[in-house]
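Chemist: Next input, structure requested:
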Amino acid sequence: MIFLVQAAYLHIPFCEQICHYCDFNKVFLKGQPVDEYLHYMDTEMKNTVEAFLPRAFKSIFVGGGTPTVLSVNQLETFLASINKYLKPRSNSIEFTFEANPGDLTEDKLKLMLDSGVNRISFGVQTFDDELLKAIGRTHRREDVFHTIELAKHVGFKNISIDLMYALPHQTIGSFQESLDLAFSLDVEHVSAYSLIIEPKTVFYNLMRKGKLLLPSQENEAKMYETLIAEMERHGFRQYEISNFSKNGFESRHNLTYWNNEEYYGIGAGAHSYVAGKRISNAGPIKKYMSAIDEHGFPHVETHSVTLQEKMEEELFLGLRKTQGVSSSHFLEKFSVSIFDVFASQIKEQKEKGLLEEKDGFIRLTHKGKFLGNEVFQAFLL
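Modeler: Residues are numbered from 1 along each chain as shown. A predicted model of the protein is given here:
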């Protein structure tokens, strides 16, 4: 049976340093069986392709961890596996690598470009060196300028950067400066997220001890307001709550998630959504590898998504997009009107001024963008 999945996420869990806010599945690079892990990822890719017979992909995304901590030889091995099984060499596919500024040499960049990678997403976070140190990042401001200039020189024409706001001790002025420097890079895409304190992180422990000084909610909202205004002023269209792009450079891979479409997840701790099932891979590296030895796949949990859950996900994922959720597409997908399923929720959120209807779409208002989580929660029945 051929499945309609057209996206794949591949996870490299290794980092040279763990950021103070990060709760992703990751481990320190030193002493890890990196070569062995890449061999098992090759096996998982092979078994996935043989079991699910995917159609041509529209997006491949390599995340982490820090994928670019791989050595040139390891990167070459990994990219050879991707090319063998997922076949990304196509002008129509978006093939993204996450990268840490300062990790990428010219050799690595050329290898990536020659192997079909056509988009790089740099974890910049901020241009304030003191703040970078405070949040546990290893790079500094100059690394960003140097690495992005090098990527452009090698031939990359689709570059994205991640920024963060509402960081400890961060001021509105400091965030404005980061935005100004970001625009000076002349990149095609920007993702900007407010800091969320997650359990089992350095920041979580500091917060519990009362040692984490964060901006007020009012200042966090002002930073987001500044973000939206400055992005529009510099020719970036907001197409999702936290994502902005120049025309035609929206992230196809992330739109897969927000459009509630299916995808493969390959690697330790990765998640898949295939044939109406959400599948979780083992997170610890040794468990990931032993599960593949035993079963051919590292799956540790499978959940068959009910129709009700699919409809709820269509709303709380789709409403992240500024375009919103199409009522006609909802009807086509689920054979029931969105207003028959969620009439009271839509009415309530519209009365609060958080939702609006326009051109057949239900979407967040400007006010609703600041209270998105409250709106999304309303659609979980």
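Chemist: got the residue ranges for the helices in the stretch 251-381 of the chain?
Modeler: All helices of the stretch 251-381 of the chain, identified by DSSP state H, counting those that start in this stretch, fall at 252-258, 285-295, 307-318, 327-334, 338-351, 366-370, 372-378.
Chemist: Of those, give the one that comes closest to residue 199.
Modeler: Comparing the helices of the stretch 251-381 of the chain by their distance to residue 199 (C-beta to C-beta), the top pick is helix 372-378, with 17.2 Å. Yep, even glycine has a C-beta here, placed from its N, CA and C like the rest.
Chemist: Which residues does the closest one contact?
Modeler: If you take C-beta atoms under 8 Å, 6 or more residues apart in numbering as the criterion, helix 372-378 is touched by 241, 315, 316, 319, 320, 345, 348, 349, 354, 355, 364, 368.
Chemist: Farthest-apart pair in those residues, please.
Modeler: By the measure C-beta to C-beta, 241 and 348 form the most distant pair in those, at 20.1 Å.
Chemist: Which one's more surrounded, those two?
Modeler: residue 241 (21 against 14; other C-beta atoms under 10 Å).
Chemist: State the distance from the more buried one to residue 90.
Modeler: Look at residue 241 and residue 90: by C-beta to C-beta, to the nearest Å, they are 30 Å apart.
Chemist: Quick check: closest non-adjacent residue to residue 283.
Modeler: Residue nearest to residue 283 in three dimensions, not counting chain neighbours: residue 269, with 3.9 Å by C-beta to C-beta, 6 or more residues apart in numbering.
Chemist: got it, and residue 155?
Modeler: Distances taken as C-beta to C-beta, 6+ apart place residue 113 nearest to residue 155, at 5.4 Å, with adjacent residues excluded.
Chemist: what's that neighbour in contact with, if anything?
Modeler: Listed by C-beta under 8 Å, 6+ apart, the contact partners of residue 113 are 154, 155, 156.
Chemist: coming back round to it: out of the helices of the stretch 251-381 of the chain, nearest to residue 13?
Modeler: Across the helices of the stretch 251-381 of the chain, residue 13 has its closest neighbour in helix 285-295 (6.8 Å, C-beta to C-beta).
Chemist: which of the residues in the closest one are buried?
Modeler: Within helix 285-295, the residues that count as buried by 16 or more other C-beta atoms under 10 Å are 285, 288, 289, 291, 292.
Chemist: Out of the helices of the stretch 251-381 of the chain, flag the one nearest residue 208.
Modeler: Of all the helices of the stretch 251-381 of the chain, helix 372-378 comes closest under C-beta to C-beta, at 21.9 Å.
Chemist: helices and strands of the chain: which one has the lowest mean pLDDT?
Modeler: Least confident helix or strand, the chain: strand 27-28 with a mean of 65, by mean pLDDT, DSSP states H and E.
Chemist: need the next SSE after that one, C-terminal direction.
Modeler: With elements assigned by DSSP states H and E, the helix or strand that comes after strand 27-28 is helix 34-52.
Chemist: Please enumerate residues in contact with that next one?
Modeler: Residues outside helix 34-52 that contact it (C-beta under 8 Å, 6+ apart) are 3, 5, 10, 13-14, 54, 70, 74, 77-78, 81-82, 84-86, 264, 266-268, 274, 285, 288-289, 292, 296-298.
Chemist: Let me know the pLDDT of residue 119.
Modeler: On pLDDT, residue 119 comes in at 98.
Chemist: Tell me how many other residues crowd it.
Modeler: For residue 119, the count of nearby residues is 23 (other C-beta under 10 Å).
Chemist: Isn't it up against residue 159?
Modeler: Yes. With contact defined as C-beta atoms under 8 Å, residue 119 counts as touching residue 159 (7.4 Å).
Chemist: what kind of secondary structure is residue 187 in?
Modeler: Under DSSP: H, G, I helix; E, B strand; the rest coil, residue 187 falls in the coil class.
Chemist: how far away is the residue nearest to residue 155 from residue 144?
Modeler: Distance, residue 113 to residue 144, by C-beta to C-beta: 19 Å.
Chemist: Noted, bye for now.
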